[in-house]
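J.: Sharing a model that was predicted from the sequence below.
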Amino acid sequence: MKSIIYRFYTVEWKHLMLKAITFDFWQTLYADSDKNWRKRQAIRVKRCHTYLSNCGYACSLTDVEFGLEEAYNLVSSLWHKHRGISVKRCMERFAEVLQLQLQDADLDQLIECLGAAFLEAPPIIMPYVKPVISRLSKSYPLGIISDSALTPGSFARKLMERDGILQFFTAFTFSDETDYTKPQVVQFHSTLAELNAKPAEAVHIGDIFRTDIVGAKNAGMKAIRFAGFNKGEGDDTLSDAVVDDYRKLETTIAKLSK
(Lines give C-alpha, C1' and ligand atoms only; values in the text may rest on other atoms or scores of the structure.)
Protein backbone atom coordinates (compact mmCIF):
# COMPACT_ATOMS: atom_id res chain seq x y z
CA MET A 1 0.00 0.00 0.00
CA LYS A 2 1.31 3.40 -0.94
CA SER A 3 1.97 5.78 1.88
CA ILE A 4 0.97 9.40 1.71
CA ILE A 5 3.93 11.78 1.87
CA TYR A 6 3.07 14.80 3.93
CA ARG A 7 4.44 17.94 2.30
CA PHE A 8 3.16 21.30 3.43
CA TYR A 9 3.06 24.53 1.47
CA THR A 10 4.64 27.64 2.91
CA VAL A 11 2.42 30.64 2.28
CA GLU A 12 2.61 34.29 3.31
CA TRP A 13 -0.92 34.36 4.73
CA LYS A 14 -0.86 37.92 5.97
CA HIS A 15 -1.34 39.27 2.45
CA LEU A 16 -4.19 36.90 1.53
CA MET A 17 -7.89 37.18 2.32
CA LEU A 18 -10.02 34.10 2.61
CA LYS A 19 -12.37 33.63 -0.33
CA ALA A 20 -13.85 30.16 0.30
CA ILE A 21 -14.62 27.73 3.11
CA THR A 22 -14.99 23.96 2.92
CA PHE A 23 -16.46 21.62 5.54
CA ASP A 24 -16.27 17.97 6.37
CA PHE A 25 -19.69 16.31 6.80
CA TRP A 26 -19.40 13.55 9.42
CA GLN A 27 -18.68 14.68 13.00
CA THR A 28 -18.23 18.24 11.75
CA LEU A 29 -21.54 19.41 10.32
CA TYR A 30 -23.32 16.31 11.62
CA ALA A 31 -22.74 14.15 14.71
CA ASP A 32 -23.17 10.39 14.52
CA SER A 33 -22.87 8.10 17.54
CA ASP A 34 -22.01 4.39 17.59
CA LYS A 35 -25.49 3.72 18.98
CA ASN A 36 -27.14 5.51 16.09
CA TRP A 37 -24.87 3.77 13.57
CA ARG A 38 -25.93 0.37 14.97
CA LYS A 39 -29.57 1.40 14.73
CA ARG A 40 -29.05 2.46 11.11
CA GLN A 41 -27.25 -0.77 10.31
CA ALA A 42 -30.14 -2.83 11.69
CA ILE A 43 -32.55 -0.88 9.49
CA ARG A 44 -30.28 -1.46 6.49
CA VAL A 45 -30.27 -5.20 7.13
CA LYS A 46 -34.05 -5.34 7.49
CA ARG A 47 -34.77 -3.22 4.41
CA CYS A 48 -32.31 -5.10 2.20
CA HIS A 49 -33.59 -8.48 3.41
CA THR A 50 -37.19 -7.46 2.74
CA TYR A 51 -36.33 -6.33 -0.78
CA LEU A 52 -34.40 -9.50 -1.62
CA SER A 53 -37.10 -11.74 -0.15
CA ASN A 54 -39.81 -9.97 -2.14
CA CYS A 55 -37.75 -10.55 -5.28
CA GLY A 56 -37.45 -14.27 -4.57
CA TYR A 57 -33.80 -14.33 -3.46
CA ALA A 58 -33.13 -16.91 -0.76
CA CYS A 59 -31.08 -15.38 2.06
CA SER A 60 -31.53 -14.96 5.78
CA LEU A 61 -31.25 -11.83 7.90
CA THR A 62 -27.92 -13.19 9.12
CA ASP A 63 -26.74 -13.59 5.52
CA VAL A 64 -27.68 -10.01 4.70
CA GLU A 65 -25.97 -8.73 7.84
CA PHE A 66 -22.78 -10.57 6.91
CA GLY A 67 -22.91 -9.30 3.33
CA LEU A 68 -23.29 -5.69 4.47
CA GLU A 69 -20.40 -6.13 6.90
CA GLU A 70 -18.23 -7.31 4.01
CA ALA A 71 -19.36 -4.36 1.89
CA TYR A 72 -18.41 -2.01 4.73
CA ASN A 73 -15.06 -3.78 5.18
CA LEU A 74 -14.30 -3.13 1.51
CA VAL A 75 -14.90 0.61 1.70
CA SER A 76 -13.10 0.82 5.05
CA SER A 77 -9.98 -0.95 3.75
CA LEU A 78 -9.84 1.35 0.73
CA TRP A 79 -10.38 4.40 2.95
CA HIS A 80 -7.18 3.54 4.81
CA LYS A 81 -5.44 3.46 1.42
CA HIS A 82 -6.94 6.87 0.55
CA ARG A 83 -9.07 5.43 -2.25
CA GLY A 84 -12.71 6.20 -2.91
CA ILE A 85 -15.26 3.64 -4.06
CA SER A 86 -18.86 3.87 -5.18
CA VAL A 87 -21.62 2.44 -3.02
CA LYS A 88 -22.69 0.39 -6.06
CA ARG A 89 -19.31 -1.36 -6.12
CA CYS A 90 -19.71 -2.07 -2.40
CA MET A 91 -23.07 -3.68 -3.07
CA GLU A 92 -21.53 -5.73 -5.87
CA ARG A 93 -19.21 -7.05 -3.18
CA PHE A 94 -22.30 -7.77 -1.08
CA ALA A 95 -23.73 -9.84 -3.95
CA GLU A 96 -20.44 -11.69 -4.48
CA VAL A 97 -20.20 -12.67 -0.82
CA LEU A 98 -23.77 -13.99 -0.77
CA GLN A 99 -23.40 -15.56 -4.23
CA LEU A 100 -26.42 -13.68 -5.53
CA GLN A 101 -26.83 -12.96 -9.23
CA LEU A 102 -28.15 -9.44 -8.86
CA GLN A 103 -29.06 -7.18 -11.77
CA ASP A 104 -28.18 -3.49 -11.91
CA ALA A 105 -31.78 -2.67 -11.01
CA ASP A 106 -31.46 -4.81 -7.88
CA LEU A 107 -28.25 -3.05 -6.88
CA ASP A 108 -29.88 0.32 -7.39
CA GLN A 109 -32.82 -0.68 -5.19
CA LEU A 110 -30.52 -1.96 -2.46
CA ILE A 111 -28.70 1.38 -2.53
CA GLU A 112 -32.09 3.04 -2.09
CA CYS A 113 -32.57 0.80 0.97
CA LEU A 114 -29.26 2.01 2.39
CA GLY A 115 -30.20 5.63 1.76
CA ALA A 116 -33.66 5.23 3.27
CA ALA A 117 -32.08 3.73 6.41
CA PHE A 118 -29.74 6.73 6.60
CA LEU A 119 -32.67 9.14 6.47
CA GLU A 120 -34.61 7.07 9.02
CA ALA A 121 -31.72 7.05 11.51
CA PRO A 122 -29.70 10.10 10.46
CA PRO A 123 -26.78 11.80 12.13
CA ILE A 124 -27.82 14.95 13.99
CA ILE A 125 -26.90 18.40 12.78
CA MET A 126 -24.46 20.10 15.13
CA PRO A 127 -25.80 22.86 17.40
CA TYR A 128 -25.82 26.34 15.82
CA VAL A 129 -24.75 25.06 12.39
CA LYS A 130 -27.69 26.48 10.45
CA PRO A 131 -27.50 30.14 11.54
CA VAL A 132 -23.70 30.19 11.32
CA ILE A 133 -23.61 28.56 7.89
CA SER A 134 -26.33 30.91 6.70
CA ARG A 135 -24.32 33.96 7.71
CA LEU A 136 -21.02 32.62 6.33
CA SER A 137 -22.62 31.84 2.96
CA LYS A 138 -23.33 35.55 2.51
CA SER A 139 -19.60 36.32 2.55
CA TYR A 140 -17.97 33.11 1.25
CA PRO A 141 -18.80 30.34 -1.21
CA LEU A 142 -19.07 27.10 0.80
CA GLY A 143 -18.23 23.52 -0.12
CA ILE A 144 -18.42 20.01 1.32
CA ILE A 145 -15.49 17.56 1.21
CA SER A 146 -16.56 14.28 2.75
CA ASP A 147 -15.46 10.65 2.86
CA SER A 148 -18.33 8.21 2.43
CA ALA A 149 -18.96 4.62 3.52
CA LEU A 150 -22.29 2.96 2.70
CA THR A 151 -24.17 6.25 2.62
CA PRO A 152 -24.21 7.77 -0.88
CA GLY A 153 -23.40 11.45 -1.12
CA SER A 154 -26.78 11.92 -2.82
CA PHE A 155 -28.52 10.98 0.45
CA ALA A 156 -26.24 13.26 2.48
CA ARG A 157 -27.52 16.04 0.22
CA LYS A 158 -31.11 14.96 0.89
CA LEU A 159 -30.53 15.19 4.64
CA MET A 160 -28.95 18.62 4.26
CA GLU A 161 -31.95 19.73 2.21
CA ARG A 162 -34.33 18.36 4.84
CA ASP A 163 -32.45 20.24 7.54
CA GLY A 164 -32.50 23.46 5.53
CA ILE A 165 -28.77 23.93 4.88
CA LEU A 166 -28.22 22.51 1.39
CA GLN A 167 -28.84 25.83 -0.31
CA PHE A 168 -25.92 27.43 1.49
CA PHE A 169 -23.37 25.19 -0.31
CA THR A 170 -22.29 25.37 -3.94
CA ALA A 171 -19.74 22.53 -4.24
CA PHE A 172 -19.98 18.91 -3.07
CA THR A 173 -17.16 16.36 -3.12
CA PHE A 174 -18.08 12.94 -1.73
CA SER A 175 -15.60 10.08 -1.97
CA ASP A 176 -18.22 7.62 -3.26
CA GLU A 177 -18.51 9.88 -6.32
CA THR A 178 -14.75 10.20 -6.94
CA ASP A 179 -11.76 7.88 -7.05
CA TYR A 180 -10.18 9.42 -3.96
CA THR A 181 -10.62 10.16 -0.28
CA LYS A 182 -9.03 12.74 1.97
CA PRO A 183 -6.16 13.53 2.48
CA GLN A 184 -5.58 13.31 -1.30
CA VAL A 185 -5.19 16.91 -2.42
CA VAL A 186 -7.32 16.35 -5.53
CA GLN A 187 -10.39 16.24 -3.25
CA PHE A 188 -9.57 19.73 -1.99
CA HIS A 189 -8.34 21.24 -5.26
CA SER A 190 -11.31 20.03 -7.31
CA THR A 191 -13.70 21.51 -4.74
CA LEU A 192 -11.87 24.84 -4.69
CA ALA A 193 -11.97 24.94 -8.50
CA GLU A 194 -15.77 24.84 -8.27
CA LEU A 195 -15.65 27.62 -5.68
CA ASN A 196 -13.30 29.73 -7.86
CA ALA A 197 -10.76 30.01 -5.07
CA LYS A 198 -7.05 29.28 -4.82
CA PRO A 199 -5.87 27.01 -1.98
CA ALA A 200 -4.12 29.92 -0.25
CA GLU A 201 -7.45 31.75 -0.19
CA ALA A 202 -9.41 28.98 1.52
CA VAL A 203 -9.86 27.23 4.84
CA HIS A 204 -11.10 23.69 5.51
CA ILE A 205 -12.94 22.69 8.68
CA GLY A 206 -12.97 19.05 9.80
CA ASP A 207 -12.49 16.76 12.77
CA ILE A 208 -9.84 14.19 11.73
CA PHE A 209 -6.15 15.03 11.76
CA ARG A 210 -4.90 12.58 9.12
CA THR A 211 -7.64 13.33 6.59
CA ASP A 212 -8.97 16.84 7.17
CA ILE A 213 -6.02 18.68 8.65
CA VAL A 214 -3.19 16.93 6.77
CA GLY A 215 -5.18 16.99 3.54
CA ALA A 216 -5.98 20.69 3.76
CA LYS A 217 -2.42 21.65 4.66
CA ASN A 218 -0.99 19.51 1.85
CA ALA A 219 -3.41 21.23 -0.50
CA GLY A 220 -2.09 24.65 0.55
CA MET A 221 -5.13 25.66 2.60
CA LYS A 222 -5.61 26.76 6.15
CA ALA A 223 -7.18 24.18 8.45
CA ILE A 224 -9.47 24.44 11.46
CA ARG A 225 -10.06 21.30 13.48
CA PHE A 226 -13.59 21.02 14.78
CA ALA A 227 -13.46 19.42 18.23
CA GLY A 228 -17.12 19.74 19.16
CA PHE A 229 -17.71 16.00 18.81
CA ASN A 230 -14.43 14.24 18.08
CA LYS A 231 -12.31 15.60 20.91
CA GLY A 232 -9.50 13.05 21.03
CA GLU A 233 -7.30 13.94 18.07
CA GLY A 234 -4.23 14.68 20.16
CA ASP A 235 -1.60 16.78 18.37
CA ASP A 236 -3.12 19.95 16.93
CA THR A 237 0.13 21.68 16.04
CA LEU A 238 -0.71 21.61 12.31
CA SER A 239 -4.14 23.15 12.80
CA ASP A 240 -4.38 26.89 12.31
CA ALA A 241 -7.12 26.88 14.94
CA VAL A 242 -9.26 24.49 16.98
CA VAL A 243 -12.97 25.22 17.55
CA ASP A 244 -15.38 23.18 19.68
CA ASP A 245 -18.50 25.32 19.26
CA TYR A 246 -19.97 26.80 16.09
CA ARG A 247 -20.64 30.03 17.96
CA LYS A 248 -16.86 30.58 17.95
CA LEU A 249 -16.34 29.80 14.28
CA GLU A 250 -17.08 33.17 12.68
CA THR A 251 -14.68 35.00 14.98
CA THR A 252 -11.99 32.40 14.32
CA ILE A 253 -12.41 32.67 10.55
CA ALA A 254 -12.30 36.46 10.75
CA LYS A 255 -8.96 36.26 12.59
CA LEU A 256 -7.51 33.86 10.02
CA SER A 257 -8.67 36.11 7.20
CA LYS A 258 -6.69 39.13 8.39
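T.: Now that the structure is in, tell me what you want to look at.
J.: the domain parsing of this structure - what is it?
T.: For the chain, whose domains are defined here by automatic domain parsing, the residue ranges read 13-32+124-256, 34-120.
J.: what about the shortest one, how long is it end to end?
T.: Using C-alpha to C-alpha, to the nearest Å, the end-to-end distance of domain 34-120 comes to 15 Å.
J.: contacting residues for residue 195?
T.: When contacts are counted by C-beta atoms under 8 Å, 6 or more residues apart in numbering, residue 195 is found next to 19-20, 22, 141-143, 170-171, 202. Using the backbone N, CA and C atoms, a C-beta is placed for each residue, glycine as well.
J.: Quick check: the gap between residue 53 and residue 97.
T.: Counting by C-beta to C-beta, to the nearest Å, the separation of residue 53 from residue 97 is 18 Å.
J.: Just the buried ones from the contacts of residue 195?
T.: Judged by neighbour count, with 16 or more other C-beta atoms under 10 Å as the criterion, the buried members of the contacts of residue 195 are 19-20, 22, 141-143, 171, 202.
J.: Inside strands: which ones of the contacts of residue 195?
T.: 20, 22, 142-143, 171, 202 (DSSP state E).
J.: If you count neighbours, what's buried in the top helix by length along the chain?
T.: Longest helix in the chain by number of residues, with DSSP state H as the criterion: helix 34-54. Using 16+ other C-beta under 10 Å as the burial criterion, the residues of helix 34-54 that qualify are 40-41, 43-45, 47-49, 51-52.
J.: Looking at these, which one is closest to residue 252?
T.: The closest of the buried residues of helix 34-54 to residue 252 turns out to be residue 40 (C-beta to C-beta; 31.9 Å).
J.: Find the nearest non-adjacent residue to residue 239, please.
T.: Nearest in space to residue 239, with sequence neighbours left out and distances taken as C-beta to C-beta, 6 or more residues apart in numbering, is residue 225 at 4.4 Å.
J.: Quick check: that neighbour touching residue 207?
T.: Yes: using C-beta atoms under 8 Å, residue 225 makes contact with residue 207 at a distance of 6.5 Å.
J.: These two - which one has more neighbours?
T.: Neighbour count, other C-beta atoms under 10 Å: between residue 225 and residue 207, residue 225 has more, with 25 against 21.
J.: Where does the spatially most distant residue from the centre of the chain sit: helix, strand or coil?
T.: Computed with C-alpha atoms, centre = their mean, the maximum C-alpha offset from the centroid of the chain is found at residue 56, amounting to 34.6 Å. At residue 56 the chain is in coil, as set by DSSP: H, G, I helix; E, B strand; the rest coil.
J.: Quick check: residue 223 is in a strand.
T.: Yes: per three-state DSSP, residue 223 lies within a strand segment.
J.: and it, what are its bridge partners?
T.: For residue 223, the beta-bridge partners are residue 204 (DSSP bridges).
J.: so who does it touch?
T.: Contacts of residue 223 by C-beta under 8 Å, 6+ apart are 203-206, 212-213, 216-217, 238-240.
J.: Show me the contact partners of stretch 175-182.
T.: By C-beta under 8 Å, 6+ apart, the residues outside stretch 175-182 that reach it are 24, 78-79, 82-87, 145-148, 152-153, 186-188, 190, 206, 208, 211-212, 215.
J.: How about residues contacting the helix or strand in which residue 117 is found?
T.: Element membership of residue 117, judged by DSSP states H and E, is helix 104-120. By C-beta under 8 Å, 6+ apart, the list of residues contacting helix 104-120 from outside reads 40-41, 43-44, 47-48, 51-52, 55, 87-88, 91-92, 94-95, 102, 150-152, 154-156, 158-159, 162.
J.: let's see it at 7 Å
T.: Applying C-beta atoms under 7 Å, 6 or more residues apart in numbering, the contact partners of helix 104-120 are 40, 43-44, 47-48, 51, 55, 87-88, 91-92, 150-152, 155, 158-159.
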